[in-house]
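Chemist: using only what follows, build the 3D model:
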Amino acid sequence: RRFVEMEIKHGRLAMAAFLGVITTYSGIRWPGYLSLAEGIKFSDLPGGAIASWAALPTSAWLQIVLFISFLEVYALKQDPEK
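Modeler: The predicted structure is shown next:
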């Protein structure tokens, strides 16, 4: 049962990641700054999947990992009784 739940959760994450890649390839960006301290705007990020990840500062990587970890442990926790 646990593996089925994990497969569903990770499949949803993969679909969201795919949509993110398609969105950045099409040139759609958030307005404003990604990092005010480093002066990086969302429009400054390249359109490719690997290139956009490589352009992120280390603090952005850390925030993303912490946010997804929080969601995985607390917000998206599956009920084992269902």
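
Chemist: which stretches in the chain count as helices?
Modeler: For the chain, the helices defined by DSSP state H cover 2-25, 49-55, 58-70.

Chemist: low-confidence stretches in this structure?
Modeler: 80, 82 (pLDDT under 70).

Chemist: which parts of stretch 25-42 are buried?
Modeler: Residues of stretch 25-42 classed as buried: 34, 40 (neighbour count, 16 or more other CB atoms under 10 Å). The C-beta positions use only the backbone N, C-alpha and C, and glycine is treated the same way.

Chemist: any chance of TSV for the helices of the chain, columns distance to residue 33?
Modeler: Output for the helices of the chain, formatted as TSV (distance: least, CB to CB, whole Å):
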stretch	distance to residue 33
helix 2-25	17
helix 49-55	14
helix 58-70	12
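
Chemist: who are the contact partners of residue 25?
Modeler: Residue 25 is in contact with 47, 48, counting by CB atoms under 8 Å, 6 or more residues apart in numbering.
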